[in-house]
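1. This is a predicted model, with the sequence first.
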Amino acid sequence: MIPELLWKAISVSPEDTTSIIKTRVLPIVFPYVIYIDGQMGSGKTFISRCIGKYYNSNDIVSNSFSKISLHDGLPKFIHCDFYNIEKQDEFFFSNIYDLIDDSSVILLEWSKCFFQIEVPQFFLKIELTTKLNRRLMLYKLGQFNISI
């Protein structure tokens, strides 16, 4: 199954990125997973923080500090940074999978694969077009497991 491009947008500032996330990502009905992909410094954690703040989760930090952030409210907000995690499948199913329920929003940075789970899944690709500008593309994924 081929991922379906839902939308793409150009962001020219942090405020623009915040606005794009508020209008195009936050309306997604939970539960859902968003895999966030982009080169280092492209804004993956910034976008995770934007989404987390909306759900009253203000503890999203860079991977050098924490691998998983969990806010057990409504929705249950789970953020994971897979940077430098070798066995991502094992880590996901040992540390995250059992936390997922019908009220979960799961954001996964640096994931090398999509996980075979029964939750709607999306892939947010971030590309730097200049030092400040980013192209954001959101794809809807089918139920499959492939490497990215």
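-> Structure received.
2. use CA for all of it now, contacts and neighbours both
-> Noted.
3. what are the ranges of the helices in the chain?
-> Assigned by DSSP state H, the helices in the chain fall at 14-24, 44-54, 88-95.
4. out of those, which comes closest to Met137?
-> Relative to Met137, the nearest member of the helices of the chain by C-alpha to C-alpha is helix 14-24, separated by 10.5 Å.
5. from the chain's centre, how far out does that closest one sit?
-> Offset of helix 14-24 from its chain centre (C-alpha atoms, centre = their mean, to the nearest Å): 14 Å.
6. Let's see the pLDDT reported for the residue nearest to Asp89 when sequence neighbours are not counted.
-> Distances taken as C-alpha to C-alpha, 6 or more residues apart in numbering place Phe115 nearest to Asp89, at 7.4 Å, with adjacent residues excluded. For Phe115, the pLDDT comes out at 93.
7. Tell me how many other residues surround Phe115.
-> As a burial measure, Phe115 scores 21 neighbours (other C-alpha atoms under 10 Å).
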